[in-house]
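# sharing a model prediction with you, sequence too.
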Amino acid sequence: MESTQELFEANVVPSYARFPLALERGEGTRIWDEAGKEYLDFGAGIAVCSVGHCHPRVADTIARQARTLIHTSNLYYTRPQGELAARLNRYVGHPGKVFFCNSGAEANEGLYKLARKFGNEARSPHSRHAAGEELEYSPNRFEVLTFDGSFHGRTLAGIAATGQEKVRKGFDPITPGFRHVPFNDAPELSRAIGPDTIAVLMEPIQGEIGVLPATLSFLKAVRKICDDHGLLLMFDEIQCGLGRTGDWCAWQTLTQGEVVPDAISWAKGIADGYPMGAFWIRDRKITLKDGKESSLADLLGAGSHGTTFGGTPMGCTVANEVLSIVEEENLLANARELGNYAKEAILGLKSPLIKDVRGVGLMIAFQLVPDFSQRIGDDRAASLALISRLHAGGLLCVPSGVQSIRWLPPLNVTKAEIDQAVQILGAALNS
Ligand SMILES: Cc1ncc(COP(=O)(O)O)c(C=O)c1O
């Protein structure tokens, strides 16, 4: 019989560089490969399995709902979708409305469409006088500014939005309407606003390039720049949101709730691995081009957006259960407390091979020294070289670029599991 890897090589599109591991079964923070070897899973599907693998309440909910109602079209109302939207509104803490879809990239697509619709239908300020310069706005603004180093997904618009050249390579022509500016640099953002700019999309904590949080002063400045120019401020919380930072929203952790966005995208941790994405739009007044008042949250009216599988009774029931577990098991506090514990423990290794440890809550990265691979005599990129040693020791974690490694364990990870992971890391660094 062919091995799983051979089956993939013959039949699966080779778009992922995979580690040589075939995983079969999971329970909590632990996962087992086909040979029965046990690993601690500190990637959790890249920040997806927020209450761990196969949580009994999640498994029971899936089984129960599978016997009740799996799918109906969005032509009808279903209670779980309404309740999940109300729950997400409660977490944001400001009135708004939610649209459900199936992935992070698709949630961001909704935000790009919201921005375009806003540019097409809302009245723009005529012009703005700033520092002696006058900026005349186009009548139909459409451009979304994003940041260098960002990641927003793999659709055509997603790769245009993403501030990393490597994701666009080979896919010309690139979807127009996106421009990238340096992260955490308010003067540059201010200078970048052009006549067509309508929105700013940002990850409050950039994930893929090594867990880089936006500073408080930058977040406040971005909000002010957006207000001054009549732009939407949209947060991609797909990786950092829904509990990972110790609050429901990363921007709540970073700004104590002071900076409120106009829209938010979520996916990953929302349903513990059941595929789901969502975006939230703030219920705030806007003036349309004909002078009528409306709400931003009602801009995507009937017929303007949709998706077959979005917000099914199954997906929403699972997400409601997962988020109830986060509430009832006090996992926001656990993310805060054990995130600090993990960072201290990694620092406590005092390894000369670790340059820096960063992170907020249970979104943690450590950066390896520039000559890491030479020092350990491995010709692979530093993150890959260390990850292969960690696999041998029984720990899964996620590379973040070539030089950093991310820890994104389930939000219910325990101190004992962190101690074990740190011990495996220490041994891998010393071997
Ligand atoms: C910040 C961010 N945005 C968007 C995405 C895309 O999400 P998905 O892979 O579900 O399309 C990701 C996935 O890694 C992400 O981390």
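On my side now, so go ahead.
# hey, let's count contacts and neighbours off CA atoms from now on
Noted.
# where does the protein have its least confident helix or strand?
Lowest on mean pLDDT, DSSP states H and E among the helices and strands of the chain sits strand 127-130, with a mean of 66.
# tell me which residues are up against the helix or strand following it.
Using DSSP states H and E, the helix or strand that follows strand 127-130 towards the C-terminus is strand 133-136. With contact meaning Cα atoms under 8 Å, 6 or more residues apart in numbering, strand 133-136 is reached by 126-129, 194-195.
# where does pLDDT dip in the protein?
129-133 (pLDDT under 70).
# I'd guess residue 327 is in a helix, am I close?
Yes. Secondary structure of residue 327 (DSSP: H, G, I helix; E, B strand; the rest coil): part of a helix.
# what residues sit buried inside stretch 91-102?
92, 96-102 (16 or more other Cα atoms under 10 Å).
# ok, stretch 174-189 next?
Buried-residue list, stretch 174-189, by 16+ other Cα under 10 Å: 177-186, 189.
# next to the ligand, which bits of the stretch 201-350 of the chain? Give me the list.
Selection of the stretch 201-350 of the chain residues close to the ligand by Cα under 6 Å from any ligand atom yields 203, 207, 236, 238-239, 267.
# one more time with 8 Å
203, 206-208, 236-240, 267-268, 277 (Cα under 8 Å from any ligand atom).
# secondary structure for the residues you listed - can I get that in TSV?
Below are these laid out as TSV (three-state DSSP):
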residue	secondary structure
203	coil
206	strand
207	coil
208	coil
236	strand
237	coil
238	coil
239	coil
240	coil
267	coil
268	helix
277	strand
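# which among the residues you listed end up buried?
By 16+ other Cα under 10 Å, these give 203, 206-208, 236-240, 267-268, 277 as buried.
# next secondary structure after the helix or strand harbouring residue 7?
Using DSSP H and E, residue 7 sits in helix 4-11. Once the chain leaves helix 4-11, the next helix or strand it forms, by DSSP H and E, is strand 23-27.
# against which helices or strands is that following strand packed?
Judged by 3 or more Cα pairs under 8 Å, 6 or more residues apart in numbering; DSSP states H and E, strand 23-27 is in contact with strand 30-33.
# so what are the sheet partners of whichever helix or strand comes after the strand it packs on and their directions?
Under the assignment DSSP H and E, the closest C-terminal helix or strand after strand 30-33 is strand 38-41. The pairing partners recorded for strand 38-41 under DSSP bridges are strand 30-33 (antiparallel), strand 395-396 (parallel).
# is it possible to get a markdown table of the ones you listed that adds mean neighbour count and distance to residue 47?
Formatted as a markdown table, the strands paired with strand 38-41 follow (neighbours: other Cα atoms under 10 Å; distance: least, Cα to Cα, whole Å):
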| stretch | mean neighbour count | distance to residue 47 |
| --- | --- | --- |
| strand 30-33 | 19 | 14 |
| strand 395-396 | 24 | 12 |
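# in the chain, mark out all the helices, start to finish.
4-11, 44-47, 56-66, 79-92, 104-121, 156-161, 186-192, 216-229, 250-255, 313-328, 331-348, 372-376, 382-393, 415-430 (DSSP state H).
# does the ligand sit close to the second one?
Yes. Helix 44-47 comes into contact with the ligand when judged by Cα under 8 Å from any ligand atom, the residues involved being residue 46.
# centre of the chain to that helix, how far?
11 Å (Cα atoms, centre = their mean, to the nearest Å).
# for the remainder of this discussion, apply numbering that starts at 7.
All set: I'll call the first residue 7, so the last point we hit is now helix 50-53.
# give me the contacts around that helix.
Against helix 50-53 from outside (Cα under 8 Å, 6+ apart): 35, 56, 58-59, 245, 274-275, 279, 404, 414-416.
# domain ranges for this protein?
10-61+337-436, 75-333 (automatic domain parsing).
# start to end distance for the longest one?
Chord length of domain 75-333, first to last residue, is 25 Å (Cα to Cα, to the nearest Å).
# with that, I have no additional questions.
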